[in-house]
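>>> structure for this input, please:
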Amino acid sequence: MSDKLIVAGPCSAETEHQVIDTAKQLSSIGITHYRAGLWKPRTLPNTFEGLGQKALPWLLRVKRELGMQVGTEVANKEHITLAVNAGVDFVWLGARTVTNPFAVQEIADRLKDMTVDIVVYVKNPVIADIALWLGAIERLQNAGVTRLVAVHRGFHTGTTSIYRNAPQWHVPIEFKRLRQDIPLLCDPSHISGDSALVEQVIVQASKLNYDGLMVEVHNSPKDALSDKNQQITPEQFAKTLDKIHFGSTVDNNEILSVFRSQIDEIDKSLFDIIAQRMELSEKIGLYKKANDISVLQPARYEELLSNSLTYAKQHQLNADFVKHIVELIHQESINRQL
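Got it, this is the predicted structure:
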C-alpha cells in the first residue's frame, strides 16, 4: 500500500476535538492525507451543511501539529478563495459540482486568477456521463491546474441496489484508459453508503489497481452529523488496510500470456462472427426496402432477446450483460438497414 495515495477523514468537520482526535488516530496508522468537509451540499434544507470557514483553523492545526496534508470540498469561488488563502494542501470538487460545468468553470477561473499550485481532486458527476467528468478535468487544466486527481464515488441510477451509488466499474475503467496521466482513487464510502460494505468495495478497487483511496473515517461514526451510516472508525480502517493488496500492473507471467493469447484469438473470432451478422443484416435491409417492409420489427426483436436470455441462462452468463450485448447488436443492425 506504500505506493498508493490514501486520503481519509470524516465526512464533516464537526468539532475541534473530533477533527484532531480522528486525525491523530489516522496519523498513527500512517495516513498522511486528511480530508474533512467544511461546506456540505445537502439535498434537504435544515440539515447539517457544515461549519464553513469556522472549521478551517482546525484543519490547519492538523497540518501544523501532525504534519498531514489537509483538504476540503469546494463548490464555488468563495469556498476556493477561503480554502486556498488559509493554506490547505488540496481541495476536491464533489459529484454535484462536477455535474454543473458552470460551477466547475467558476472554480477554474478563480484558481487561474489566484495563480496557486494546489492539488485538485475531481469526483465523478452524479450521473454516469464520462464526458462531464473529462470535461471538468479539461476545464481545470485549461486554467493552469497541473496537479489533478480523479475520484470514483459511484453514480446515482434511480434503481434499487445494495449500494448508495452504483459503482458501474466500466466507467472509471474507461476513464483510466482515456486519461492514464491522471491518478484515479476510489471512494468506497459514497459508493457503499453502508459501513458494512466499505471493505468489500475497497477489495474490488484493489483488484482493479486504483491509484489509491478516499475514505470517510470518523472517531465516532454513530455521533456523526452527516453520513453516519457510511463512515468507519480508524481502527476498522487500519484492519481493512492490513488485508488489502493492490495488484501490480506489471507482469511477466508465462501462464497469463498463454491465456491472453487464447482470449485474443477468441476475440478475433467474435468480431468475424459479428461482421458476418452485419452482412446478413444489410441483405435483410435491401430485401425490406424492395418489398416495402418496415425496418423495425418489434416482435422479432423480442424473439431475439428471449432466445438470447435463454442461452445466457444455459451458459450461466449474466442476464443484464447479455441483454446489453443484444441491444447493441440489434441497434447496429437497424443502423445498417436504414
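>>> what segments of the chain are strands?
Under the criterion DSSP state E, strands of the chain are mapped to 5-9, 33-35, 69-73, 90-93, 119-123, 148-152, 184-186, 212-216.
>>> just the mean pLDDT for the fourth one, thanks.
Spelled out, it's strand 90-93. The pLDDT scores in strand 90-93 average 98.
>>> which helices and strands sit right next to it?
Applying 3 or more Cβ pairs under 8 Å, 6 or more residues apart in numbering; DSSP states H and E, we find strand 90-93 packed against strand 69-73, helix 77-86, strand 119-123. No exception for glycine: its C-beta is placed from N, CA and C like everyone else's.
>>> any idea how far the helix or strand of the chain with the lowest mean pLDDT is from the chain center?
Lowest on mean pLDDT, DSSP states H and E among the helices and strands of the chain sits helix 254-290, with a mean of 85. Centroid separation between helix 254-290 and its chain, computed with Cα atoms, centre = their mean, to the nearest Å, is 32 Å.
>>> which non-adjacent residue is nearest E14?
L225 (5.1 Å; Cβ to Cβ, 6 or more residues apart in numbering).
>>> was I right about the one you found contacting T15?
No. Look at L225 against T15 with Cβ atoms under 8 Å: they stay out of range, at 9.4 Å.
>>> how near is H324 to H330?
11 Å (Cβ to Cβ, to the nearest Å).
>>> wait, V119 sits on V149?
Yes. Counting by Cβ under 8 Å, V149 is a contact partner of V119 at 6.5 Å.
>>> hey, what's in contact with both of those two?
Common neighbours of V119 and V149, counting by Cβ atoms under 8 Å, 6 or more residues apart in numbering, are F90.
>>> if we can go back for a sec, of the strands of the chain, which approaches L256 most closely?
L256 lies closest to strand 184-186 among the strands of the chain, at 22.8 Å (Cβ to Cβ).
>>> give the pairing partners of the closest one; include direction for each.
Strand 184-186 pairs in its sheet with strand 148-152 (parallel), strand 212-216 (parallel), by DSSP bridges.
>>> residue boundaries of the helices in the stretch 51-200 of the chain?
56-66, 77-86, 95-98, 101-114, 130-142, 170-178, 188-192, 195-207 (DSSP state H, counting those that start in this stretch).
>>> check T159 and give its pLDDT.
For T159, pLDDT reads 77.
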